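> Here is my input, please return the structure:
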Amino acid sequence: MTAKVLQSVGIHSIVCANSEELMVQLSQGAGALLLVEEVVSGTGMRPLAEYVASQPTWSDIPILLLTRSGADSLDVQRAVEHLGNVTLVERPVRTIALITATRSAVRARERQYQVRDADKRKDEFLATLAHELRNPLAPIRTSMGILKHLHPDSGQVTQVRNVVDRQVTHLTRLVDDLLDVARITSGKVMLKKGRITLQSVINHAVEISGSAMESKQHRLDVQQPDAPHVLDADHARLVQSVANLLVNAAKFTPAGGHIVLRAEVAGPVVTFRVKDNGIGLEPASLAKIFDLFAQTPVPGEAPTGLGIGLSLARQFAEMHGGTLHALSEGLGKGSEFVLAMPVVLEGEVPESPAPAAGIAPPASAKKILVVDDNVDAANTLEALLGMDGFAVSTAYDGLAAVAAVAAGRPDVVVMDIGMPGMNGYDAARLIRQQPGNEKIVLIALTGWGQSTDKNRASLAGFDHHLVKPVDYDRLMSCLADGGGRGGTYVAR
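Numbers count the residues shown, from 1 in each chain. Modelled structure (predicted):
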């Protein structure tokens with residue numbers, strides 16, 4: 001009868017004969033759910049409660065519950081408590097009341113779908129923005145490398161170059177954070193765990209946060225266990241988390257402050273404590289600061305940053321099975337952030353590091369083709385490689401790259417991916433198809449750095465995948481590898 005009433009006003013519905021059929025239909029998607037009280041009695045509540053709990057963050061499915069006894073029923077009380085977005089409709093119900101309640105539920109659900117679609121567009125925008133920001137960063141960093149070659153003994157040039165390099169590094173970190181937000185919200189972040197040392201995590205985090213500390217002349221004390229410890233964790237994500245805590249402490253501590261990073265190990269748990277004597281936090285802010293894009297104002301200073309560093313740190317901690325929380329006695333009394341993760345491999349000793357082999361010097365006769373539709377990026381990289389003794393030529397689109405390889409057969413092709421006309425993937429495939437090009441080293445140099453992008457590059461024929469703005473030492477390592485398709489694909 002209910003289905004017929006709803007159909008008469010254009011609301012399509014599916015009638016389920018039992019709880020099992022209901023769960024099957026829910027798994028295929030539902031705009032709203034209309035239940036009678038008997039369905040939520042006894043064991044029928046559990047699968048519904050589990051479904052509600054497993055919804056994505058954007059979803060809060062409206063549930064209309066037809067009841068005879070209203071909120072006096074124990075089953076109804078349990079449903080309201082465990083099923084979330086529940087509206088009680090007492091039986092017998094008037095037709096107009098049923099139609100109105102159902103239309104309101106469906107309308108609310110449509111709003112949720114709009115939020116979901118907006119979130120998806122936001123994530124796509126963030127990923128595209130990060131890619132577009134990387135393109136101008138590449139020629140800036142390369143130009144600084146050229147200045148180093150041209151004026152190696154000039155103190156003024158070195159000072160300016162160091163400033164630009166620090167700012168490019170900072171901007172690159174912001175871009176990487178934007179990408180991580182897009183990846184996490186779309187479920188594309190996968191941890192790459194491995195055996196790492198606690199010492200390496202601390203060293204890298206301190207190095208990354210160094211410019212933030214130096215700019216405000218903070219004193220950083222690092223306290224760590226005397227004994228070495230091995231962790232089973234994602235090195236990049238753990239370093240990023242600790243570094244974000246240090247940068248956050250530097251930001252919210254007045255110039256000349258004192259910051260302490262203390263690492264402790266107890267059984268399988270490693271705990272990082274970052275304590276400062278900065279502006280502190282109000283009790284109401286202790287939880288909100290971990291919200292995405294949350295900004296805590298600094299008295300006397302304009303808002304800075306994106307408000308995503310702490311949110312990322314907490315999400316990476318939870319992905320490792322850990323926690324991150326904040327402590328503060330109030331405004332003006334400093335803050336402490338405690339990051340704890342059960343990732344210690346008890347009883348294991350770090351392996352002795354192998355002696356560094358160094359980067360092989362480039363062969364002066366090696367021919368390199370640089371391909372990028374960003375003319376500045378291509379020309380500055382050409383100039384920098386030329387200063388290191390390589391024979392370098394350029395092309396500014398995929399078709400020109402294929403023709404240049406056919407005409408000159410270089411030893412290495414360093415190629416952008418996102419080019420108009422023929423992109424880097426298609427150009428790489430055509431280059432590999434030409435006889436005799438098996439040994440050419442193809443290096444993808446791109447603003448797209450997700451794991452799917454690296455896999456696509458490998459399938460297209462690239463030997464290496466580097467993300468803009470390129471670390472010149474890493475590029476040198478790739479140039480020293482050689483080997484073409486006979487080598488191993490390296491994702492860097």
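> residue furthest from the geometric center of the chain?
Pro92 (51.9 Å; Cα atoms, centre = their mean).
> any idea how far it is from Lys216?
Distance, Pro92 to Lys216, by Cβ to Cβ, to the nearest Å: 70 Å. Heads up, the C-betas are built off the backbone N, CA and C, glycines and all.
> cool, and Gln433?
Taking Cβ to Cβ, one finds Gln433 at 55 Å from Lys216.
> quick one: which of those two has more around it?
Lys216 (14 against 10; other Cβ atoms under 10 Å).
> For the residue lying closest to that one once chain neighbours are set aside, identify the helix or strand it belongs to.
Using Cβ to Cβ, 6 or more residues apart in numbering and skipping the chain neighbours, the partner closest in space to Lys216 is Ala255 (4.6 Å). Taking DSSP states H and E as the definition, Ala255 sits outside all helices and strands.
> pLDDT wise, what is Ala255 at?
We have a pLDDT of 91 for Ala255.
> So what does it look like in phi/psi?
The phi/psi pair for Ala255 (degrees, to the nearest 10) reads phi -50, psi 140.
> what are the ranges of the strands in the stretch 351-492 of the chain?
With DSSP state E, counting those that start in this stretch, the ranges of strands along the stretch 351-492 of the chain come out as 367-371, 391-395, 412-415, 441-446, 464-467, 490-491.
> Same check on the stretch 1-150 of the chain?
33-36, 63-67, 86-90.
> mean confidence score for the second one?
Right, the one you point to is strand 63-67. Per-residue scores along strand 63-67 average to 89.
> and if you look at the first one?
Across strand 33-36, the average pLDDT comes to 89.
> Any idea how many residues pack against Glu124?
12.
> From Phe337, how far off is it?
For Glu124 relative to Phe337 (Cβ to Cβ), the value is 31 Å.
> where does the stretch 201-350 of the chain dip in pLDDT?
Within the stretch 201-350 of the chain, the stretches with pLDDT under 70 are 292-307.
> one more time with 50
302 (pLDDT under 50).
> For Leu137, give its distance to Arg173.
For Leu137 relative to Arg173 (Cβ to Cβ), the value is 11 Å.
> Ile208 too?
7 Å.
> Kindly report the same for His465.
The value you get for His465 to Arg173, if Cβ to Cβ is used, is 20 Å.
> got it, and Leu281?
23 Å.
> Between these two, tell me which one has more neighbours.
Legend: neighbour count by other Cβ under 10 Å for Leu281 and Arg173, higher for Leu281 (22 against 19).
> Not counting sequence-adjacent ones, nearest residue to that one?
Ser328 (3.9 Å).
> what number of residues lie near that neighbour?
So Ser328, with other Cβ under 10 Å, has 21 neighbours.
> So Thr142 sits against Leu384, correct?
Yes - with contact defined as Cβ atoms under 8 Å, Thr142 counts as touching Leu384 (5.3 Å).
> quick one: common contacting residues for those two?
Taking Cβ atoms under 8 Å, 6 or more residues apart in numbering as the contact rule, Thr142 and Leu384 both touch Tyr472.
> Point out where the stretch 351-492 of the chain drops to low pLDDT.
355-364, 486-492.
> Now do the same contact list for Asn135.
So Asn135 contacts 374, 377, 447, 468 (Cβ under 8 Å, 6+ apart).
> oh, I was asking about Leu324
Per Cβ under 8 Å, 6+ apart, neighbours of Leu324: 241, 290, 310, 313-314, 317-318, 337-340.
> quick revisit: format the strands of the stretch 351-492 of the chain as JSON lines; extra columns: distance to Ala404.
JSON lines is the format used below for these (distance: least, Cβ to Cβ, whole Å):
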{"stretch": "strand 367-371", "distance to Ala404": "6"}
{"stretch": "strand 391-395", "distance to Ala404": "5"}
{"stretch": "strand 412-415", "distance to Ala404": "9"}
{"stretch": "strand 441-446", "distance to Ala404": "13"}
{"stretch": "strand 464-467", "distance to Ala404": "19"}
{"stretch": "strand 490-491", "distance to Ala404": "24"}
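> right, so these: which one is the most enclosed?
When you average the neighbours per residue for each of the strands of the stretch 351-492 of the chain (mean count of other Cβ atoms under 10 Å), strand 412-415 leads with a mean of 28.
> Neighbouring strands of that strand in the sheet, and parallel or not?
strand 367-371 (parallel), strand 441-446 (parallel) (DSSP bridges).
> now for these, which one comes closest to Asp232?
strand 441-446 (30.2 Å; Cβ to Cβ).
> which SS class is the residue nearest to Thr323 when sequence neighbours are not counted?
Excluding the flanking residues, the one nearest Thr323 by Cβ to Cβ, 6+ apart is Ala340, at 5.4 Å. Under DSSP: H, G, I helix; E, B strand; the rest coil, Ala340 falls in the strand class.
> Looks like Ala340 contacts Gly322 (just checking).
Yes - using Cβ under 8 Å, Ala340 is in contact with Gly322, at 5.3 Å.
> Now do the same contact list for Met415.
Counted by Cβ under 8 Å, 6+ apart, Met415 has contacts 369-372, 398, 401, 424, 427-428, 442-445, 462.
> would a markdown table of these with distance to Asp234 be doable?
Compiled in a markdown table, the contacts of Met415 are given as follows (distance: Cβ to Cβ, whole Å):
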| residue | distance to Asp234 |
| --- | --- |
| Leu369 | 35 |
| Val370 | 33 |
| Val371 | 32 |
| Asp372 | 31 |
| Gly398 | 34 |
| Ala401 | 35 |
| Gly424 | 28 |
| Ala427 | 33 |
| Ala428 | 29 |
| Leu442 | 28 |
| Ile443 | 25 |
| Ala444 | 23 |
| Leu445 | 24 |
| Phe462 | 24 |
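> ok, those residues vs Gln167, which is closest?
Leu445 (21.1 Å).
> any idea how far Asn162 is from that closest one?
Leu445 is 24 Å from Asn162, by Cβ to Cβ.
> How about Val413?
For Val413, the distance to Asn162 - Cβ to Cβ - is 32 Å.
> cool, and Glu382?
From Glu382 to Asn162 the distance is 24 Å (Cβ to Cβ).
> more crowded one of the two?
Glu382 (20 against 12).
> Please name the residues that touch that one.
With Cβ under 8 Å, 6+ apart, Glu382 has these contacts: 370, 392-394.
> go with 7 Å
370, 392, 394 (Cβ atoms under 7 Å, 6 or more residues apart in numbering).
> again with Phe462
428, 442-444.
> I'd like to know which of those residues is nearest to Pro228.
Ile443 (35.6 Å).
> ok, of the contacts of Leu324, which come out buried?
241, 290, 310, 313-314, 317, 337-340 (16 or more other Cβ atoms under 10 Å).
> Mind putting these into JSON lines with distance to Met419?
Listed next are the buried ones among the contacts of Leu324 as JSON lines, based on distance: Cβ to Cβ, whole Å:
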{"residue": "Ser241", "distance to Met419": "35"}
{"residue": "Phe290", "distance to Met419": "40"}
{"residue": "Leu310", "distance to Met419": "37"}
{"residue": "Ala313", "distance to Met419": "36"}
{"residue": "Arg314", "distance to Met419": "38"}
{"residue": "Ala317", "distance to Met419": "39"}
{"residue": "Phe337", "distance to Met419": "43"}
{"residue": "Val338", "distance to Met419": "47"}
{"residue": "Leu339", "distance to Met419": "41"}
{"residue": "Ala340", "distance to Met419": "46"}
